[in-house]
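Engineer: Okay, sequence plus prediction incoming.
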Amino acid sequence: MNLLEVLRTAIFALRGNWMRSALTSLGVIIGIAAVIVMVSVGQGTQAEIDKLVSGLGSQRLDISPGAGRGPGGGGARMNSSSFFTLTQDDAEAIRNEVQGVQYVAGALRGNTQVVLAENNASTNWQGVQPEFFDINRWEIAEGNVFDAQDYSSADKVVILGDSVRRTLFGEDGGVGQTIRLGRVPFTVVGTLAAKGQGGFGQDQDDVVMVPLETGRRRLLGSMGLPPGAMMQIALTVTDPKDLDYVQGEVEALLRQRHKIQPGAEDDFNVRNISQIVATRTATTNLMSKLLGAVAGICLVIGGIGIMNIMLVSVTERIREIGLRMAVGAGPRDIRRQFLAEAMLISLIGGVIGIAIGIGGALLVGKFSELPVQLDGQVVGLAAAFAIATGLFFGYYPARKASLLDPIEALRQQ
Amino acid sequence: MSTAPAQAAPAVILTRALGKVYSAGSEAEVIALKSVDVCINRGEFVAIMGPSGSGKSTLMNLVGCLDTPTSGSYHCDGVDVATLDAEALATLRRDKIGFVFQGFNLLPRMSALENVAMPMGYANVPREARMRRAREAMAAVGLQSREGHLPSELSGGQQQRVAIARALVNQPPLLLADEPTGALDSKTGEEILALFKRLRDDGHTVVLITHDAEVAAHCDRVLVMKDGELHEGTLQEGLHPPQAAHA
C-alpha cells in the first residue's frame, strides 16, 4: 500500500470517530503549545543574560564596601564608618599600583528630586569620577561630559539620563538649561544616549550624573560618611584574560591598605560580572529545566492518550483488521495503517499546538514580566516532538495490531 | 475465460498428508486434521461438509493460507505455503484467494464500491484502475446500481454479493466461501449459490464450506470431513464419477 493510500485510509478512520480523534489530539496540542511557550521563555531569559553580559562587559570588576556576600558575610555592621570602607585614595592606589587596569572610577549615589518649573520627578543621582562614563559605556547624546574644572571645584553641573531628560524637557534639548536637584540649582551640560532596559529589567536611563565632589557636598546630605568615602569603585582591565589576576591584586592591595590581618574577613567585596552571570545562568538553567520538564510531562501525557486510544481502536476494529489481513494486508500494511493514524493525530495536534504556542508566547511576552524569544528553531523543535510522540506512542498499538492472528481476529464478534 | 484448465496449470489446491495439531505436546493437544490428501483443480465447484468440530474450519484456514500446517504439505496454485512467513502468506492470500464469509464482513462506513476496491489497495493497483475493476466486479454480481450504498443500506443478499465482488476483484484462482448462505433466507441463499455456479461456469474455482447438505447438493463434488479426516462425498452420486481424491 503506498503512502498516499495509507494516509487516505488513516484520515477516513479518524473521521469516523472525529470527536475522539480531536480529544486525543488535544493532549498533543497542550503539550506542544507548552513546549513552545516554555522554550520561548527560557530562550528569552538567556537572551537577557547575554544582553547583561554585553551591557556590563566581561572585563569589569566592581568593588563595594562591606563584607562579602558569601557565608559569614552580611553580619551586623551598624556603624557607618566601618561600613563605608572604600575611599578615594583606594581608587587612586588601584590606578597607580595594579598592573593591567584600564579605567578606575569611584562613585557615590542617592535619590533626589529633579525639578524644572512645575515638572518634577524622583530619580537616582550618581556622583562620578571621569572614567565612570567609559567603564559603564555611557555615550553623550548632546552637550559635553564634565571638564576638569567641574570635577575639581565641585561645580553645580549635571548630565541627564534620557528618561529624566524626557520627563523634564520632552523631545527636545535641555542642554544649557538650569534645573534643581532638591533645592540646589544645577546647569545641564550634557545628556546621555539612551541605554534602555538593563539586564535586571530596570530603566537604566532614569539617572542623573554629577561630578563626585559635587555629589558629596551638594546632594549627599548628612549621612555621616567618612571623608573621601566611596560607595563603589568600578574598574576595567585592558585584557579580559587578566581579570582574575587583577582581581587578586586588587584584593591584596585593599587588604594591605585596610590593614586586615591574615585570616580576617575582607571589609570590601570584589565581584566580577562573570560571577553574577554564572549565578543568573544557573538560575535560568534550573528554570529552563523545570519548564522543560513540565512541557515534557504534558507531551508524555498527550502521548499516553494517543497510545490509549489507539489500543482501544485496535480492539474495536479487530474484525476489520482480520478482514484486511484475509484479503491480503500483511503485518506491515496493518502496522503502517495504525501508525499513520497515530502520527496523524499527533501531527494535527502538533500543527494546532504550534499555532496556539506561538500565540501563547506572544501573549506572555506582552502581558507578563517574562522575556520571550520566539524563533524558527522552537517551532522546528516542537514539530519534531510532535512527530516523535506519534511514532513512539503509536508504535506499540500498531505493532500489536500487526501481530494479530487473522483467524482469531475474524472470529471476534 | 470459460475454457477448460490446461493440463499444465497446477491444481488450485493440492495437499499431501496435511495435518494440524494444536497445543502439540501439552495435555490440551488436539489433532484437528489427520493426513488430508486432496486435489482440487481449476473450474471445480466443491463443497467441504462436516459437522462442527469435524475440523472443517481448520481445513479452511489452512487452505485459505490463514494458518500453516504442522505436518504434510500444501501447494496453493503451485506455491508451497509451508515455508512462508506472515508477510508472504498475506501476499499469497491477496493474489490467490478470495474469501466469502458467513457474516459478509463488509466495512460498515465504506460504500459498496469502496469495499470491493479495498483489497486492491494492498496490491498497489492505481486508484483509477481500482475503481474501474471494482465497478466491473460489481457488475459481475449484478449490483452496478448499488455502488454508492453503504452496507447497512443493502439487503443481506446484496451484502453477500458485494462480498463476493470483493473476493473476485483481485482475480484470484480460488474462491473460498465459509457458510456463505448461513446468514441468508433460503431463497436468497439459492440466488447466491446460483451466482457461484455462474462463476464456476466462467472458470472460477469455488470451494464452499458448509454443514448444510442442501447447500452442498448444489456443488459438483462433495468432500466430507469427519474427525479430522477428509473423504470423498457420497451425497451426490450420479452427479459426477467418484474421483481418487482420498488415497
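Structural biologist: Here it is on my side, so go on.
Engineer: Give me the neighbour count for B:R127.
Structural biologist: 14 (other CB atoms under 10 Å in any protein chain shown). Any C-beta I mention is one placed from the backbone N, CA and C, and that applies to glycine too.
Engineer: ok, now how distant is it from B:G148?
Structural biologist: 17 Å (CB to CB, to the nearest Å).
Engineer: any weak-confidence spans in the stretch 301-413 of chain A?
Structural biologist: For the stretch 301-413 of chain A, the stretches flagged by pLDDT under 70 are A:413.
Engineer: so where do the helices sit in it?
Structural biologist: A:318-326, A:331-367, A:376-402, A:406-411 (DSSP state H, counting those that start in this stretch).
Engineer: Could you list the buried residues of the shortest one?
Structural biologist: Residues A:P406, A:I407, A:A409, A:L410 are the ones in helix A:406-411 that count as buried (16 or more other CB atoms under 10 Å in any protein chain shown).
Engineer: would you turn the residues you listed into CSV with distance to chain B?
Structural biologist: Below are the buried residues of helix A:406-411 laid out as CSV (distance: CB to the nearest CB, whole Å):
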residue, distance to chain B
A:P406, 5
A:I407, 5
A:A409, 10
A:L410, 7
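Engineer: Turn those residues into CSV, including distance to A:I260.
Structural biologist: CSV is the format used below for those (distance: CB to CB, whole Å):
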residue, distance to A:I260
A:P406, 88
A:I407, 90
A:A409, 85
A:L410, 91
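Engineer: of all those, which comes closest to A:G27?
Structural biologist: When those are ranked by distance to A:G27 (CB to CB), A:A409 comes first, at 28.2 Å.
Engineer: so which strand or helix has residue 172?
Structural biologist: Picked chain A for this. A:D172 belongs to no helix or strand when assigned by DSSP states H and E.
Engineer: same check, this time on A:T45
Structural biologist: Short version: A:T45 belongs to helix A:18-56, going by DSSP H and E.
Engineer: in that helix, what's buried?
Structural biologist: A:21, A:24-46, A:48-49, A:52-53, A:55-56.
Engineer: now swap in stretch A:219-229 and tell me
Structural biologist: For stretch A:219-229, the neighbour count (16+ other CB under 10 Å) marks A:L219, A:L220, A:L225, A:A229 as buried.
Engineer: contact partners of it?
Structural biologist: Stretch A:219-229 has contacts (CB atoms under 8 Å, 6 or more residues apart in numbering or on different chains) with A:65, A:80-81, A:84, A:86-89, A:108, A:110, A:112, A:125, A:127, A:181-182, A:184, A:210, A:216.
Engineer: Pull out the buried residues from those.
Structural biologist: Neighbour-count burial (16+ other CB under 10 Å) is assigned, among those, to A:65, A:84, A:86-88, A:108, A:112, A:125, A:127, A:181-182, A:210, A:216.
Engineer: Sort out for me which of these are in helices.
Structural biologist: Per DSSP state H, helices hold the following members of the buried ones among the contacts of stretch A:219-229: A:Q88.
Engineer: who's in contact with the closest residue to chain B within the stretch 151-300 of chain A?
Structural biologist: In the stretch 151-300 of chain A, the residue that lies nearest chain B is A:L299 (31.1 Å; CB to the nearest CB). Taking CB under 8 Å, 6+ apart as the contact definition, A:L299 lies against A:V28, A:G31, A:I32, A:A34, A:V35, A:F385, A:T389.
Engineer: How about the contacts made by the closest residue to it other than its chain neighbours?
Structural biologist: Among residues not flanking A:L299 along the chain, A:G31 sits closest, at 3.5 Å (CB to CB, 6 or more residues apart in numbering or on different chains). With contact taken as CB under 8 Å, 6+ apart, A:G31 is in contact with A:A295, A:C298, A:L299, A:V300, A:I301, A:G302, A:G303, A:G349, A:G353, A:F385, A:T389.
Engineer: got a pLDDT number for residue 118?
Structural biologist: Assuming you mean chain A. The model reports A:E118 with a pLDDT of 82.
Engineer: Chain B, not that one
Structural biologist: 94.
Engineer: before we move on, what about the one 3 residues further on?
Structural biologist: At B:G121, the predicted lDDT confidence score is 91.
Engineer: next one: A:V39
Structural biologist: As predicted, A:V39 sits at a pLDDT of 87.
Engineer: One more: A:G176?
Structural biologist: 88.
Engineer: cool, and B:K187?
Structural biologist: On the pLDDT scale, B:K187 is placed at 92.
Engineer: again with A:A67
Structural biologist: 63.
Engineer: Disregarding flanking residues, what is the spatial nearest neighbour of B:R133?
Structural biologist: B:V169 (5.9 Å).
Engineer: whoops, I mixed them up, B:G156
Structural biologist: In space, B:G156 is closest to B:L184, 5.2 Å off (CB to CB, 6+ apart).
Engineer: Am I right that the residue nearest to B:R133 is in contact with B:E114?
Structural biologist: No. Between B:V169 and B:E114 no contact is recorded; they are 11.5 Å apart, counting by CB atoms under 8 Å.
Engineer: Settle it for me: which of those two has more neighbours?
Structural biologist: Shown here are B:V169 and B:E114; by other CB under 10 Å, B:V169 has more neighbours (25 against 20).
Engineer: my guess is B:Q158 meets B:R146, correct?
Structural biologist: Yes. Applying CB under 8 Å, one finds B:Q158 in contact with B:R146, separated by 6.2 Å.
Engineer: what touches both of those two?
Structural biologist: In contact with both B:Q158 and B:R146: B:A112, using CB under 8 Å, 6+ apart.
Engineer: ok, B:G53 to chain A distance?
Structural biologist: Going from B:G53 to chain A by CB to the nearest CB, to the nearest Å gives 15 Å.
Engineer: Next, that residue: secondary structure please.
Structural biologist: Per DSSP: H, G, I helix; E, B strand; the rest coil, the secondary structure class of B:G53 is coil.
Engineer: Tell me where the stretch 151-300 of chain A has strands.
Structural biologist: Using DSSP state E, counting those that start in this stretch, the strands of the stretch 151-300 of chain A run over A:157-160, A:178-181, A:184-192, A:207-211, A:232-237, A:268-272.
Engineer: Could you tell me the least trusted of the ones you listed?
Structural biologist: Across the strands of the stretch 151-300 of chain A, strand A:268-272 gives the lowest mean pLDDT, at a mean of 85.
Engineer: So for it, what gets flagged as buried?
Structural biologist: Quick answer for strand A:268-272 (16+ other CB under 10 Å): A:F268, A:N269, A:V270, A:N272.
Engineer: Just send these back as JSON lines, with distance to chain B too.
Structural biologist: Compiled in JSON lines, those are given as follows (distance: CB to the nearest CB, whole Å):
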{"residue": "A:F268", "distance to chain B": "79"}
{"residue": "A:N269", "distance to chain B": "74"}
{"residue": "A:V270", "distance to chain B": "73"}
{"residue": "A:N272", "distance to chain B": "67"}
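Engineer: how many other residues sit next to the residue of chain B found nearest chain A?
Structural biologist: Closest contact between chain B and chain A, by CB to the nearest CB, is at B:R94 (2.4 Å). Here the number of neighbours of B:R94 (other CB under 10 Å) works out to 23.
Engineer: Give me the buried positions along stretch A:233-241.
Structural biologist: Within stretch A:233-241, judged by 16+ other CB under 10 Å, the buried ones are A:I233, A:A234, A:L235, A:T236, A:V237.
Engineer: Can you get me the start-to-end distance on it?
Structural biologist: Distance across stretch A:233-241, first residue to last, is 20 Å (CA to CA, to the nearest Å).
Engineer: follow-up on the earlier one: so the residue nearest to B:G156 sits in a strand?
Structural biologist: No. Applying three-state DSSP, one finds B:L184 to be coil, outside a strand.
Engineer: didn't it look like it was pressed against B:Q159?
Structural biologist: No. In this structure B:L184 lies outside contact range of B:Q159 using CB under 8 Å: 9.2 Å.
Engineer: Please compare these two by neighbour count and tell me which comes out ahead.
Structural biologist: Neighbour totals were compared for B:L184 and B:Q159, and B:Q159 leads with 24 against 21 (other CB under 10 Å).
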